[in-house]
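*Asks:* just a sequence and a predicted model for now, questions to come.
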2 protein chains.
Amino acid sequence: MTAPAAHSAAITEAGPFERLLALVAEDLALVNALIAERMASEHAPRIPEISAHLIEAGGKRLRPILTLAASRLCDYTGADQIKLAATVEFIHTATLLHDDVVDQSAKRRGRATANILWDNKSSVLVGDYLFARAFQLMVETGSLEVLAILSNASAVIAEGEVLQLTTARDLTTDKARYDQVIRGKTAALFAAATEVGGVIAGADAARLTALRTFGDGLGMAFQLTDDLLDYGGSSAALGKNTGDDFREGKVTLPVILAFGRADDEARAFWRRTIGRGKQQPGDLEQAMAYLRQTDALAGTQAAARGHADRALAALAGFKAGAMRTALEDIAEFVVARTV
Amino acid sequence: MTAPAAHSAAITEAGPFERLLALVAEDLALVNALIAERMASEHAPRIPEISAHLIEAGGKRLRPILTLAASRLCDYTGADQIKLAATVEFIHTATLLHDDVVDQSAKRRGRATANILWDNKSSVLVGDYLFARAFQLMVETGSLEVLAILSNASAVIAEGEVLQLTTARDLTTDKARYDQVIRGKTAALFAAATEVGGVIAGADAARLTALRTFGDGLGMAFQLTDDLLDYGGSSAALGKNTGDDFREGKVTLPVILAFGRADDEARAFWRRTIGRGKQQPGDLEQAMAYLRQTDALAGTQAAARGHADRALAALAGFKAGAMRTALEDIAEFVVARTV
């Protein structure tokens, strides 16, 4: 039942994501075919089993779509955007496999994670395999600039994840350190995905910087909005999916802002619930009250908006048209979304 | 006391490894300095802590030494061999970090493993970081051929490790499948390490093939000898470190050969002890008796010798001299060693 429903929704009320998707649909079909071909392994059938479980689970393919869109925005007429988009998706999938081991996650995209269905070992090694496959694909494009950008992004991603491990439950984390964490978690790959689309199109330095800024702004806005939605969004209304970050003791921007503006009683509350992880019934409601009182949710929303504005401004130098409009709409959508 | 003792041993009875080391000692000092510089992380101090724990624990640096030696054998006069050797050591270290998570190892190079001292999460992510750093270093050499060789090797390594997971306790594993496992585990990186040394020296195709064959033969011989030594070597005398593979149910070449030549009673024994992992006191001694009766240890030694001979033959086209002699001696040493 799921597929037809999603299909008709796409036809009847195409949102910003569906409009962007429609502009790169032919390319994306080629990317999907290449992904299926390259995740195969002659000798180890478990590799495509695990990769397919995750890759075919219906992720939005946002990152490879950004690569395709960026190359088209720069009037690229070659075919290497297909390899680069597959590269970006492989790197993303590899990080998801390793993330699920690190976070001991049981669900991803509505399905049991590979570390649960198979084991941590397979998730670690298949992630390594996909990472190696990503670099093989990049080598085929013959662009050292692309290799530099995506190997740098890979280092920032891993560094951000290690930093996140060491900031968990650490209420001394400030906004600058948190920005580094989410840049690694999300924005670094968004920025690289858009920049490499320009690189293969032969875009000049100013445009490459603009594409990189667009991806970075979009990624930062996306992640900060995720952090906000975990506390029910700017309205701070409790929803069924709210409070996961609080229960896990994650020090996200809402908590950083609230803790920075807290009185002694509130500080003691955050230290107990987040710092020491001692939580009891009613704590989430109390946390929401503190977040409202200190304008921490509005502050997070403003930060996300600022990044979205940076992303929008970066597009200004590109020629007007359906692709630029679609990318502008995505930047607006990322901060306006409620799920 | 350890350092002075090792130092005097190196002076009084320099073995094949020490003689090779002496030929590349200046380069290796530069490699070690570059490794220390590049494993740093501005934002995540845990990264160099963990990397240093493993990298400075006194591994032999055999793989980077092979890269340095191969470049010198081809009369290379540039400086990129330093970056490539550091690359090779980073890839090796990344695989060790992930291996220790996969195998749940508690000791490596005589010290507690990073997954024990810190946690599995850190080992996974720091491995990813070192892998990304390896690719950044390669990009700096500007050689797409080098990037192709080492990304291919990385894929073979990960594929071999996944294959090893799925062959554990599987007595239907044949020699061909086992060769793929150990090629991934050891020979693929040896082969890439020697080949890239020739690539930066501008060696012709025949020499690159010879260097690759040398590394592959050396790696295969090295790993098969390890498997043999785990059963006490060709003499099959029980030593204090023998039997680990048997206790862990690993299907290595000695077991594959013995199982293939076993009568019904012996097959039942292997199925119980390796296939189902049901072991009792006296089983290791019984396993050793079967290995002797079926000439499985001699067969493994002959296979290792065959790979060493391949490695030696591959060196024949290079000019005679101290470096070629040192590499020939290493190939002999790898199969002759008793530890």
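*Replies:* Cool, got the structure.
*Asks:* list the contacts of A:Ile327.
*Replies:* Actually, residue A:327 is Leu rather than Ile. A:Leu20, A:Ala69, A:Leu73, A:Phe214, A:Leu315 (C-beta atoms under 8 Å, 6 or more residues apart in numbering or on different chains). (C-beta placed from N, C-alpha, C; glycine too.)
*Asks:* typed the wrong thing, it's A:Ser41
*Replies:* A:Ser41 touches A:Ile47, A:Pro48, A:Tyr129, B:Glu159, B:Val162, counting by C-beta under 8 Å, 6+ apart.
*Asks:* most neighbours among those residues, which one?
*Replies:* Ranked by the number of neighbours (other C-beta atoms under 10 Å in any protein chain shown), these place A:Tyr129 first, at 30 neighbours.
*Asks:* ok, it to A:Val101 distance?
*Replies:* 14 Å (C-beta to C-beta, to the nearest Å).
*Asks:* of the contacts of A:Ser41, which is the nearest to A:Asp27?
*Replies:* Using C-beta to C-beta, A:Pro48 is the member of these that lies nearest A:Asp27, at 22.7 Å.
*Asks:* return the backbone torsion pair for that closest one.
*Replies:* Here the main-chain torsion angles of A:Pro48 (degrees, to the nearest 10) amount to phi -70, psi -30.
*Asks:* need the contact list for it.
*Replies:* Taking C-beta under 8 Å, 6+ apart as the definition, contacts of A:Pro48 comprise A:Met39, A:Ala40, A:Ser41.
*Asks:* again, only using 6 Å
*Replies:* A:Met39, A:Ala40 (C-beta atoms under 6 Å, 6 or more residues apart in numbering or on different chains).
*Asks:* from B:Gly282, how far out is it?
*Replies:* From A:Pro48 to B:Gly282 the distance is 43 Å (C-beta to C-beta).
*Asks:* same question, A:Glu332
*Replies:* Counting by C-beta to C-beta - A:Glu332 and B:Gly282 are separated by 73 Å.
*Asks:* who has more neighbours, those two?
*Replies:* A:Glu332 (16 against 8).
*Asks:* tell me which element that one falls in.
*Replies:* Using DSSP states H and E, A:Glu332 sits in helix A:322-336.
*Asks:* buried residues in that helix?
*Replies:* By 16 or more other C-beta atoms under 10 Å in any protein chain shown, the buried positions in helix A:322-336 come out as A:Met323, A:Arg324, A:Ala326, A:Leu327, A:Glu328, A:Asp329, A:Ile330, A:Ala331, A:Glu332, A:Phe333, A:Val334, A:Val335.
*Asks:* also stretch A:69-81?
*Replies:* A:Ala69, A:Ala70, A:Ser71, A:Arg72, A:Leu73, A:Cys74, A:Tyr76, A:Asp80, A:Gln81.
*Asks:* repeat for stretch A:243-262
*Replies:* Result for stretch A:243-262 [16+ other C-beta under 10 Å]: buried residues A:243, A:245-246, A:249-259, A:262.
*Asks:* now, which of those residues lie close to chain B?
*Replies:* Here nothing survives when those are matched to chain B using C-beta under 6 Å from any C-beta of the partner chain.
*Asks:* in helices, which of the residues you listed appear?
*Replies:* Taking DSSP state H as the definition of helices, those contribute A:Asp245, A:Phe246, A:Leu253, A:Pro254, A:Val255, A:Ile256, A:Leu257, A:Ala258, A:Phe259.
*Asks:* could I get those residues as CSV with pLDDT?
*Replies:* Below are these laid out as CSV (pLDDT from 0 to 100):
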residue, pLDDT
A:Asp245, 90
A:Phe246, 93
A:Leu253, 97
A:Pro254, 96
A:Val255, 97
A:Ile256, 97
A:Leu257, 97
A:Ala258, 97
A:Phe259, 97
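*Asks:* got CSV for these, with distance to B:Ser122 too?
*Replies:* Formatted as CSV, those follow (distance: C-beta to C-beta, whole Å):
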residue, distance to B:Ser122
A:Asp245, 21
A:Phe246, 24
A:Leu253, 24
A:Pro254, 27
A:Val255, 23
A:Ile256, 23
A:Leu257, 28
A:Ala258, 29
A:Phe259, 26
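*Asks:* for those residues, which one is nearest A:Met288?
*Replies:* Looking across those and measuring by C-beta to C-beta, the closest to A:Met288 is A:Phe246, at 8.9 Å.
*Asks:* can you give me the strands in the stretch 101-250 of chain A?
*Replies:* Taking DSSP state E, counting those that start in this stretch as the test, the strands found in the stretch 101-250 of chain A are A:107-108, A:111-112.
*Asks:* centre of the chain to the last one, how far?
*Replies:* I take that to be strand A:111-112. 19 Å (C-alpha atoms, centre = their mean, to the nearest Å).
*Asks:* given it, what are its sheet partners and their directions?
*Replies:* Strand pairing for strand A:111-112, determined by DSSP bridges: strand A:107-108 (antiparallel).
*Asks:* buried residues, the host helix or strand of A:Gln301. List them.
*Replies:* In this structure, A:Gln301 sits in helix A:296-315 according to DSSP H and E. Going by neighbour count (16+ other C-beta under 10 Å), the buried part of helix A:296-315 is A:296-301, A:303-305, A:307-308, A:310-312, A:314-315.
*Asks:* so which residues make contact with it?
*Replies:* A:210, A:213-214, A:217-218, A:220-221, A:224-225, A:228, A:234, A:236, A:253-254, A:257-258, A:291, A:324, A:327-328, A:331, A:335.
*Asks:* next one: stretch A:225-236
*Replies:* Taking C-beta under 6 Å, 6+ apart as the rule, stretch A:225-236 contacts A:238-239, A:242, A:244-245, A:252-254, A:288, A:291-292, A:297, A:300-301, A:304, A:335, A:338.
*Asks:* what about the stretch 201-339 of chain A, any weak spots by pLDDT?
*Replies:* A:234-241, A:339 (pLDDT under 70).
*Asks:* swap in the stretch 1-150 of chain A?
*Replies:* A:1-13, A:57-58, A:106-110, A:116-117.
*Asks:* so who does A:Ala221 touch?
*Replies:* So A:Ala221 contacts A:Ala304, A:His307, A:Ala308, A:Val334, A:Val335 (C-beta under 6 Å, 6+ apart).
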